[in-house]
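Asker: can't give you the sequence, but here's the structure:
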C-alpha cells in the first residue's frame, strides 16, 4: 500500500526557506561608496555608464560639486531619504557632495544634497527631484535619471550664480547713473558760477544790462559818471600794468566800457531824456568795467600760477 505524504506543508517550508535566503541578497543596506557610480543592480550598459560619468565630470568641472550615484534593488527597511543620508554618513562625504540613490525594483529615488553647496536651495533640489529624476526613474531610464541629476545641479547652481552677477551688475549700473547725474549737476553749477563771474546770464547775455531807454532805476548823473570814470580808470591801470598777462576778452570788455562812458559824457548836457540815457550808459560802463576786472584777474592768476613739471 502506497503512503501519500502531504506535499503542501513541505512546499511551504521550502518556499519560506528560499525567501529567507533570498531576502538578504535583495535588500541593500546603506553603503560606503568608493566610486562615483555603484551599480549593484547591474542596470547600466557600458555606454550608459560612460554617459553618466561624463555628466558627473562636467558637474565637478563647472561647479566643483561631486555627485555619487548608487543603484540598488531596494532600500531595505529604510525610507529613501534615510538610506541616502546614512550612505552619505558612512561614506564620509563633505559639503560639496551629493548622493543620488535609486532603487530599481521599487522604482524610487532620492537626491541628497548638502545644504552648504553654494548656489543651490532646497527648492532647486525639490524641483529637480520631482521634475526630472522621478519621471526618468518611473520610466526605467536609469542612466537618464543620473544624467538629469548632474545636469540639473549644474544648471541650478549656474543660474543662481548668474542671478547674483546680474544683481551686482544692476547695482553697479545704478551707482554709475547716480554718479553721472551728480557730475552733471556739479558741471551745471560750475558753468552758472563761471557765467556769473563773467557777468553773463543763463541766456548768454550780459547779466547787468543798462538800457538807454531809461528802464533801469536811475541815480544822480554826476554820481553815475563819477563812479563809471573811477572804475574805468582803475581797471585800465590794472590791465596796463599786467598787459603781458591779460587776454583779449578782458580788453574787449574794457573797450566796450570806454565806448559807453564816452556816450554818457556826450549826453549829459542834453535834456531830461539825454540825462536819463547818460545815466544808463554810465551804469553800463561800470558793469563792463567790472567784468573786465574779473576776467583780467583770472588771466593774471593763471599766468602766475606754478606750472606742473612733466615727469
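Answerer: Yep, it's here. None of the values given here were measured: they were computed from a predicted structure.

Asker: Tell me where the stretch 1-150 of the chain has helices.
Answerer: Secondary structure of the stretch 1-150 of the chain, counting by DSSP state H, counting those that start in this stretch: helices at 8-26, 46-63, 80-91, 122-128, 134-138, 142-198.

Asker: Helix or strand next in line after the longest one, which one?
Answerer: Tracing the chain past helix 142-198, the next element assigned as helix or strand by DSSP states H and E is helix 221-241.

Asker: just how off-centre is that next one within its chain?
Answerer: Remark: helix 221-241 is offset 60 Å from the chain centroid, using C-alpha atoms, centre = their mean, to the nearest Å.

Asker: Beyond it, next helix or strand please.
Answerer: helix 248-267.

Asker: Can you name every helix or strand that that following helix contacts?
Answerer: Contacts defined by 3 or more C-beta pairs under 8 Å, 6 or more residues apart in numbering; DSSP states H and E place helix 248-267 against helix 221-241, helix 272-304. (Each C-beta comes from the backbone N, C-alpha and C, glycine too.)

Asker: So which of the ones you listed is nearest residue 63?
Answerer: With respect to residue 63, and counting by C-beta to C-beta, the nearest of the helices and strands packed on helix 248-267 is helix 272-304 at 60.7 Å.

Asker: That closest one versus helix 248-267: what angle between them?
Answerer: Between helix 272-304 and helix 248-267, the angle comes out at 160 degrees (axes from the mean of the first three to the mean of the last three C-alpha atoms, to 10 degrees).

Asker: now the angle between helix 221-241 and helix 272-304, please.
Answerer: Interaxial angle, helix 272-304 versus helix 221-241 (the same axes, to 10 degrees): 20 degrees.

Asker: Check which helices and strands helix 272-304 sits against.
Answerer: Against helix 272-304 (3+ C-beta pairs under 8 Å, 6+ apart) you get helix 142-198, helix 221-241, helix 248-267.

Asker: Most tightly packed of those?
Answerer: Mean neighbour count (mean count of other C-beta atoms under 10 Å) peaks for helix 248-267 among these, with a mean of 18.

Asker: For residue 71, give the beta-bridge partners.
Answerer: Going by DSSP bridges, residue 71 is paired in beta bridges with residue 39, residue 102.

Asker: need the least confident one among the helices and strands packed on helix 272-304, by mean pLDDT.
Answerer: Ranked by mean pLDDT, the helices and strands packed on helix 272-304 bottom out at helix 142-198, with a mean of 75.

Asker: roughly how far apart are residue 155 and residue 292?
Answerer: The gap separating residue 155 from residue 292 is 73 Å, by C-beta to C-beta, to the nearest Å.

Asker: Over to residue 265?
Answerer: Taken as C-beta to C-beta, the span from residue 265 to residue 292 is 19 Å.

Asker: Check residue 117 too.
Answerer: 75 Å.

Asker: ditto for residue 95
Answerer: Note on residue 95: its distance to residue 292, by C-beta to C-beta, is 77 Å.

Asker: who has more neighbours, the two?
Answerer: Counting neighbours by other C-beta atoms under 10 Å for residue 95 and for residue 292 shows that residue 292 has the greater number, 28 against 10.

Asker: residues contacting the residue nearest to the more buried one when sequence neighbours are not counted?
Answerer: Spatial nearest neighbour of residue 292, chain neighbours left out: residue 253 (3.8 Å); criterion: C-beta to C-beta, 6 or more residues apart in numbering. Listed by C-beta atoms under 8 Å, 6 or more residues apart in numbering, the contact set of residue 253 reads 288, 289, 291, 292, 295.

Asker: Noted, bye for now.
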